[in-house]
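K.L.:
I need the structure of the sequence given here:
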Amino acid sequence: MPIQYLQQQHTPQTPVEALRTLANEAEKLGIDAFDVYGDFGVENVKDSYLRGFEREVSEALGMEEGVFMPSGVMAQNIALLIHSRRSKSTSTAHTNANLGGMSMFACHDTSHLLLHEEDAYRELLLMNPLVIPSHVSGDESLPFRPPMRFNDVQTAFESHRTQTQQTELGVSTLILELPHRELGGKLTPWQEVLEIGTLCRTEGVKFHCDGARIFEASAGYHKSLPEVTEPFDSVYISFYKGIGALSGAMLLGDAQFCSEARTWLRRFGGNLYTLLPYAVSAWAGYRHKLGVDRGADNIASSDECERPTFRDKQEKMIRLVAMLSNENPIVPNTLSFDPPVPQTCMVHGYLTSSLVDCETSRDEVLKELGISVLSRMRSIETDEKVDHGFRTKFEWAIGDGNYHIDDEVFLNGWSAFANKFNPWIEKKGHTAVSAWAGYRHKSGIDRLPPDNNNSASSGGCERPTFRDKQEKMIRLVAMLSNEHLTIVPNTLSFDPPVPQTCMVHGYLTSSLDDCETARDEVVNELGISVLSRMRSMDTETDPVDHGFRTKFEWAIGDGNYHIDDEVFLNGWKAFANKLQSMD
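P.N.:
The predicted structure follows:
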């Protein structure tokens, strides 16, 4: 039996297999000539496959032009250099003696430029960073941090201006990573992305997107790629992360920006005699993963297609994390995810056991079940902020390589892995199957006799199982709860945050009268009844009184299961907007 790698995002290939694939893909793409030094001098796009590739991607992302490059490090440093040289902030009036007189850019404190590039911005570009920390809010006992927010940027700009005592800010570029890789794929709320862009324009700062995983961000925001790139002056994308190419990146912007980028690519030594192996791998991967070769929409569900979209991958990630996170016998006291509800198809995980113990347990499970739960883990360093009892960290993403592995395999593998750390759990007869059965029983999901197949997903069956209903409930609550969707801002909270069955309770900050009025207006306008049953909070008996005034219960059943998710989202958005207008 082949080993099932639960953490492996891309299907592995040997070097020989990868090169054979490249040859086949080049033939499919109709490439019959090498690019030479980036084909910079080619006037007609039709005369260069590379320029055609750049044109296809730039048009798909809503940008004027794009330049293919060997690496993201090169692409982002070139972007910084161009914006710095074009900005007024490089003038003497905009430098600070305390910062060595260098020009400046701003970025989050988890930026790739700060953590993984050996200070290239300083050593090569003679630039200094204005580092923007994200401020933890809410439960200070939690070790997890939010993404970069508008208030973080505004505060950092104001503090820098005060420090330098200059009228103008003196920052050429602000980099925003979408999503934040070091924070488990979290997304800055979309409305705040727009607000940050407005602030940058006001301050004369170029707004650059570190879009190494922009395809994942597009699915997470439920927005098209052009919608995601619209606020930015320049965008970098990677082809080897979510796309799975051998290597390669693209820098996108207006025509003048890309013309300068080609000049700097030459100066950086990046326009190799030919980029063909990387460009072919990148173009083919882009077309496969984005559905360009099948004419599908990356944002829409793949339905019957075997190749999952980025949204499909995110939904599987949400479902698996919810199953593993709920209080059940599968992974007791061993694991925590950040964010608790994945905002893209990736997440970070934290384990309370040492790296040595984790590797030992993983190897034992691999030998016993043929399941590799985690192939990549690392110890949590003492200087990291995550020190709340966690000792090992891992990154987990869903891709083509692990999407089609059945959920039961994930649950069985993780159950066996966690049980290795918990000797107090009675092992005799306590198999992964019985753990899963206990989880379903404790979650309130009734099981019918095996021949009725209630425990399995219904797949194409019209009558949903209880698991189907729970999965839809988890998906809808995640969509409505994530701040970046701005669907129901400041109006709604769910308990539990990740549904453990196909039902959940909801709490609204508006009065019952206002909620009923807003509901009736939405019914008249859209023909959607968001909530037919609500009640006022009783201040004497209700434990939840943190600004909430109205309570409701929501369950997914046969009557509402087949309603499209978009209808739920549209109805709730209209409902929330009505309530906001009443405030």
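K.L.:
C-alpha from now on. contacts and neighbour counts both.
P.N.:
OK.
K.L.:
what does whichever strand or helix holds residue 574 contact?
P.N.:
For residue 574, the host element (DSSP states H and E) is helix 565-582. Taking contacts as CA atoms under 8 Å, 6 or more residues apart in numbering, the residues outside helix 565-582 that touch it are 476, 479-480, 487-489, 491, 510, 514-515, 518-519, 522, 526, 528-530.
K.L.:
now do stretch 246-254
P.N.:
Counting by CA under 8 Å, 6+ apart, residues outside stretch 246-254 touching it are 54, 58, 63-72, 75-76, 79, 233-240, 258, 261, 278-279, 281-282.
K.L.:
give the buried subset of the contacts of helix 565-582 as a ChimeraX selection command.
P.N.:
To isolate the buried ones among those in ChimeraX, judged by 16 or more other CA atoms under 10 Å, type:
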select :476,479,480,487,488,489,491,510,515,518,519,522,528,529,530
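K.L.:
in helices, which of the contacts of helix 565-582 fall?
P.N.:
Per DSSP state H, helices hold the following members of the contacts of helix 565-582: 476, 479, 480, 514, 515, 518, 519, 522, 526.
K.L.:
now do the contacts for the last one.
P.N.:
Remark: with contacts taken as CA under 8 Å, 6+ apart, residue 526 is in contact with residue 571.
K.L.:
and what of the first one?
P.N.:
Contacts for residue 476 (CA under 8 Å, 6+ apart) come out as 565, 568.
K.L.:
re the thing from before, okay, the ones in helices among the contacts of helix 565-582 in CSV with pLDDT and distance to residue 316 next?
P.N.:
Below are the ones in helices among the contacts of helix 565-582 laid out as CSV (pLDDT from 0 to 100; distance: CA to CA, whole Å):
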residue, pLDDT, distance to residue 316
476, 90, 13
479, 82, 13
480, 86, 17
514, 91, 36
515, 92, 33
518, 93, 33
519, 93, 32
522, 93, 31
526, 92, 30
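K.L.:
for the residues you listed, which one is nearest residue 390?
P.N.:
Closest approach to residue 390 among those (CA to CA): residue 479, at 28.2 Å.
K.L.:
about what we covered before: out of the contacts of stretch 246-254, which are inside strands?
P.N.:
Taking DSSP state E, the ones among the contacts of stretch 246-254 that sit in strands are 65, 66, 67, 68, 69, 234, 235, 236, 237, 238.
K.L.:
just checking, residue 349 is part of a strand?
P.N.:
Yes: counting by DSSP: H, G, I helix; E, B strand; the rest coil, one finds residue 349 located in a strand.
K.L.:
residues in contact with the residue nearest to it when sequence neighbours are not counted?
P.N.:
Of all residues not flanking residue 349 in the chain, residue 337 sits nearest, at 4.5 Å (CA to CA, 6 or more residues apart in numbering). Taking CA under 8 Å, 6+ apart, we find residue 337 in contact with 321, 325, 347, 348, 349, 350.
K.L.:
how far away is the last one from residue 377?
P.N.:
Residue 350 is 10 Å from residue 377, where distance means CA to CA, to the nearest Å.
K.L.:
more neighbours: which of these two?
P.N.:
residue 350 (23 against 17; other CA atoms under 10 Å).
K.L.:
what residues are bridge-paired with that one?
P.N.:
Using DSSP bridges, the beta-bridge partners of residue 350 come out as residue 336, residue 393.
K.L.:
how about the ones in helices among the contacts of helix 565-582 in JSON lines, adding distance to residue 464?
P.N.:
Output for those, formatted as JSON lines (distance: CA to CA, whole Å):
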{"residue": "476", "distance to residue 464": "16"}
{"residue": "479", "distance to residue 464": "20"}
{"residue": "480", "distance to residue 464": "22"}
{"residue": "514", "distance to residue 464": "34"}
{"residue": "515", "distance to residue 464": "30"}
{"residue": "518", "distance to residue 464": "31"}
{"residue": "519", "distance to residue 464": "28"}
{"residue": "522", "distance to residue 464": "28"}
{"residue": "526", "distance to residue 464": "26"}
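K.L.:
okay, strands next: where are they in the stretch 151-300 of the chain?
P.N.:
Under the criterion DSSP state E, counting those that start in this stretch, strands of the stretch 151-300 of the chain are mapped to 171-177, 206-211, 234-238, 249-253.
K.L.:
for the last one, buried residues please.
P.N.:
When neighbours are counted by 16+ other CA under 10 Å, the buried residues of strand 249-253 are found to be 249, 250, 251, 252, 253.
K.L.:
and the angle for that strand with strand 206-211?
P.N.:
For strand 249-253 against strand 206-211, the angle by axes from the mean of the first three to the mean of the last three CA atoms, to 10 degrees is 150 degrees.
K.L.:
go on, the third one?
P.N.:
If you take the same axes, to 10 degrees, strand 234-238 sits at 10 degrees to strand 206-211.
K.L.:
what kind of secondary structure is residue 548 in?
P.N.:
Per three-state DSSP, residue 548 ends up coil.
K.L.:
ah, wrong one, I meant residue 552
P.N.:
With three-state DSSP as the criterion, residue 552 reads strand.
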